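Enquirer: Give the three-dimensional model of this entry:
(one chain, ligands or ions: 1)
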Amino acid sequence: MEQRERPVVEARVAVVGAGYAGLTAALELTDAGVDTVVLEASDRVGGRTLSELRPSGVRVDHGGQWIGPTQHRLRALAARFGCATFPTWETGRHLEVWHDGTRVGYAGAAPATGPGIPEYERITALLDRLADTVDVDSPWQTPRFAEFDGHSAESFFRSETGDEDALRRLALAVQGVWCAEPSEISLFHVLFYIASAGGYEQLMETRDCAQDSRFTEGADGPARAVAAALGDRVRLGVPVRSIRQCAAGVELSTDRGLVRAERAVLAVPPTAVRRIAFDPVLPAARRGWIGHSPMGRVAKVHAVYRRPFWRAAGSSGIATLYGDHPVGVVFDNSPEDGQHGVLVAFVYGDRLTRWAALDPDARRASVLAALVAAAGPEAAEPDDYTEKVWPQQEWTTGGYECFVTPGGWTGHGRQGWREPVGRLHWAGTETASVWNGYIDGAVSSGERAAAEVAEALAARAVAAPGPAAPGIMSSRHEQHR
Ligand SMILES: Cc1cc2nc3c(=O)[nH]c(=O)nc-3n(C[C@H](O)[C@H](O)[C@H](O)COP(=O)(O)OP(=O)(O)OC[C@H]3O[C@@H](n4cnc5c(N)ncnc54)[C@H](O)[C@@H]3O)c2cc1C
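Expert: Okay, the predicted model is just below:
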């Protein structure tokens, strides 16, 4: 079919992606009276959050799930739509299982003694001190910016210590927070991310930190509520394939026709931007940034039991596993009412790549072996078992977020990170200054992008009062046919 014959949707702003960033941007713009349409490739909203009600009646979060007390933007959004949270289960003793099989139980947030702890604590305190120097709004203004960005986390850790146990702890921390290996990630990005969260402890711990609470109705609950409020402004199953900018506006080509708007917000991760064709091509800085922003590699595996049996033995169900286990960390992900027991296992980085290549039986057996090591023999026989391998998700291709490789920030950050390109504005958690990589960061990025767009539209209205260019300023939403 000729392009001009294809159905056309017109709006003042087109938002690409109905994750938290895109939905928030659309909500802000709609609240401000700006006609906005959201184009989502998949058949659901929520992006990297995805909750599922299992046949057992237990709701599991396959993607992002936790919310912390300083995640103010997400808290405000959840409060607006009445989405409740409850504290993460963590009563009892936690466990470390070492590469040599040694099991060390501990109470409190982190183990006080154990192999490598003094060096691990010294280096993480140093990371905090260096993170204190980071300017999260203009990262390139940070003292020693290029020096830090020239290091990988691995080269920095190895320059600081030869203690292999401390290095194991640091490697698991990097895998757990960024779903990547320490050799892959820029030290500056690690420092930026720590600063963006408000400290290393915020990233790592449960109570009063990033893993503090969960959503009673699933972490995509607020996203579903926003989408319901936006109504038919949200279009599902509409992948954007190419975007053309011209003097009058933007034209987005989708699988279901053309969309014309004055401005577009791209609320997708850098890896998804890479799959869209741009005319004119994106500036070199933006392309360079995208090239330095691979997606982390993670799977979440839930095992559901009749009851949280580990609690009777004084165990919290929270375990950290070093060595050959595919699983890095286990949490008690039981529902708020405690009627079932749920363990969630995280598989990250290179361990994920090896594990995902196994056949389903071998994958299940290896995860259950890790859960037995973490919670005891009863863990071998769950009533329900479900995996979500994020690199296999068509439109997300990984998680939790895109991280930045060495040299990415210095080479391309200033103009490539989130600077608008003509009529294109960038949202998504990867563009956030606060809680970058988290749902909260996605929400604040949507708010920032909406403010940028509103300002640009207002400036245009002042510069050129009177009727808008034909076909660009229509407040009409046409249905795709
Ligand atoms: C396993 C896992 C665990 C996590 N745990 C946590 C946690 O506990 N707490 C926390 O705060 N964060 C967590 N995160 C991170 C959090 O989920 C993300 O930071 C957040 O959801 C990102 O939102 P976003 O809107 O920026 O991007 P996304 O959610 O990725 O939204 C982008 C949307 O764009 C769509 N899209 C892509 N390409 C196109 C296209 N061409 N056309 C149209 N649409 C397109 C996608 O389908 C998607 O819906 C986790 C993530 C994962 C995967």
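Enquirer: Give me the neighbour count for Arg354.
Expert: Counted by other CB atoms under 10 Å, the residues lying close to Arg354 total 13. Where C-beta positions appear, they are placed from N, C-alpha and C, glycine not excepted.
Enquirer: Any stretches of this protein with poor pLDDT?
Expert: Residues of the chain that meet the criterion pLDDT under 70 lie in 1-5, 7, 463-481.
Enquirer: Need the single longest helix in it, by residues.
Expert: When the chain is scanned for its longest helix (criterion: DSSP state H), the result is helix 439-463.
Enquirer: Determine how far it lies from the middle of the whole chain.
Expert: On the basis of CA atoms, centre = their mean, to the nearest Å, helix 439-463 is displaced by 21 Å from the centre of the chain it belongs to.
Enquirer: Stretch 116-134 now?
Expert: For stretch 116-134, the separation from the chain centroid amounts to 24 Å (computed by CA atoms, centre = their mean).
Enquirer: repeat for stretch 359-371
Expert: Relative to the mean C-alpha coordinate of its chain, stretch 359-371 is positioned 25 Å out (CA atoms, centre = their mean).
Enquirer: about what we covered before: so which elements touch the longest helix of the chain?
Expert: helix 20-31, helix 72-80, strand 263-266, strand 424-426 (3 or more CB pairs under 8 Å, 6 or more residues apart in numbering; DSSP states H and E).
Enquirer: Which one of the ones you listed lies nearest to the ligand?
Expert: Of all these, it is helix 20-31 that lies closest to the ligand, at 3.4 Å by CB to the nearest ligand atom.
Enquirer: Please identify the buried residues of that closest one?
Expert: Buried residues in helix 20-31, counting neighbours by 16 or more other CB atoms under 10 Å, are found at 20-30.
Enquirer: Kindly reformat those as a markdown table containing distance to the ligand.
Expert: Formatted as a markdown table, the entries for the buried residues of helix 20-31 read as follows, by distance: CB to the nearest ligand atom, whole Å:
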| residue | distance to the ligand |
| --- | --- |
| Tyr20 | 4 |
| Ala21 | 3 |
| Gly22 | 6 |
| Leu23 | 7 |
| Thr24 | 8 |
| Ala25 | 9 |
| Ala26 | 11 |
| Leu27 | 12 |
| Glu28 | 14 |
| Leu29 | 15 |
| Thr30 | 17 |
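Enquirer: Dump these to TSV, plus distance to Val234.
Expert: Supplementary listing: the buried residues of helix 20-31 in TSV, determined by distance: CB to CB, whole Å:
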residue	distance to Val234
Tyr20	13
Ala21	14
Gly22	9
Leu23	8
Thr24	12
Ala25	12
Ala26	7
Leu27	10
Glu28	14
Leu29	13
Thr30	10
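Enquirer: and the spatially closest residue to Pro239 that is not a sequence neighbour, helix, strand or coil?
Expert: By the measure of CB to CB, 6 or more residues apart in numbering, the closest residue to Pro239 outside its immediate chain neighbours is Ala41, 3.7 Å from it. For Ala41, the secondary-structure state derived from DSSP: H, G, I helix; E, B strand; the rest coil is coil.
Enquirer: So Ala41 is in contact with Gly237, correct?
Expert: Yes. With contacts counted by CB atoms under 8 Å, Ala41 reaches Gly237, the gap being 7.4 Å.
Enquirer: Quick one: end-to-end distance for stretch 37-45.
Expert: Stretch 37-45 stretches 14 Å from its first residue to its last (CA to CA, to the nearest Å).
Enquirer: chain center to that stretch: distance?
Expert: With CA atoms, centre = their mean as the basis, the distance from the averaged C-alpha position of stretch 37-45 to the chain average is 17 Å.
Enquirer: Identify each buried residue in that stretch, please.
Expert: 37-42, 45.
Enquirer: got it, and stretch 328-348?
Expert: 328-336, 340-348.
Enquirer: Narrow these to those in strands?
Expert: Filtering the buried residues of stretch 328-348 for membership in strands, criterion DSSP state E, returns 328-332, 341-348.
Enquirer: Looking at those residues, which one is closest to the ligand?
Expert: Phe346 (7.6 Å).
Enquirer: So what pairs up with the closest residue to that closest one other than its chain neighbours in the strands?
Expert: Taking CB to CB, 6+ apart as the measure, Phe346 lies nearest to Val329, with 4.9 Å between them; neighbours along the chain are not counted. Partner residues in beta bridges with Val329: Thr320, Phe346, with DSSP bridges as the criterion.
Enquirer: ok, Val329 - contacts?
Expert: Remark: with contacts taken as CB atoms under 8 Å, 6 or more residues apart in numbering, Val329 is in contact with 172, 176, 318-321, 345-346.
Enquirer: Can you say which helix or strand has the closest residue to Tyr385 other than its chain neighbours in it?
Expert: Taking CB to CB, 6+ apart, and ignoring the residues beside it in sequence, Tyr385 has Ala303 as its nearest neighbour in space, at 5.3 Å. Ala303 belongs to strand 298-305 when elements are defined using DSSP states H and E.
Enquirer: Domain parsing of this protein, as residue ranges.
Expert: If you go by automatic domain parsing, the domain ranges for the chain are 3-46+220-282+421-463, 51-91+210-219+296-392, 116-204.
Enquirer: Highest mean neighbour count out of those domains?
Expert: domain 3-46+220-282+421-463 (a mean of 21; mean count of other CB atoms under 10 Å).
Enquirer: picking that back up, and the residue nearest to Pro239, how far from the ligand?
Expert: Relative to the ligand, Ala41 is positioned 4 Å away (CB to the nearest ligand atom, to the nearest Å).
Enquirer: again with Asp324
Expert: From Asp324 to the ligand the distance is 22 Å (CB to the nearest ligand atom).
Enquirer: Around the residue lying closest to that residue once chain neighbours are set aside, how many other residues sit close by?
Expert: Nearest residue to Asp324 in three dimensions, chain neighbours excluded: His99, at 7.5 Å (CB to CB, 6+ apart). By the measure other CB under 10 Å, the count of residues near His99 is 14.
Enquirer: surely His99 meets Arg168?
Expert: Yes. Counting by CB under 8 Å, a contact exists between His99 and Arg168, whose distance comes to 6.8 Å.
Enquirer: what residues do these two have in common as contacts?
Expert: Tyr322.
Enquirer: burial measure for the residue in the stretch 301-450 of the chain positioned nearest to the ligand, as a count.
Expert: Nearest residue of the stretch 301-450 of the chain to the ligand (CB to the nearest ligand atom) works out as Gly399 at 2.3 Å. Counted with other CB under 10 Å, the burial measure for Gly399 works out to 26 neighbours.
Enquirer: what sits against it?
Expert: With contact set as CB under 8 Å, 6+ apart, Gly399 has these partners: 48, 63-64, 179, 295-296, 298, 390.
Enquirer: Could you export those as a markdown table, including distance to Arg93?
Expert: Formatted as a markdown table, the entries for those read as follows, by distance: CB to CB, whole Å:
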| residue | distance to Arg93 |
| --- | --- |
| Arg48 | 32 |
| Gly63 | 29 |
| Gly64 | 27 |
| Cys179 | 27 |
| Met295 | 35 |
| Gly296 | 29 |
| Val298 | 26 |
| Trp390 | 30 |
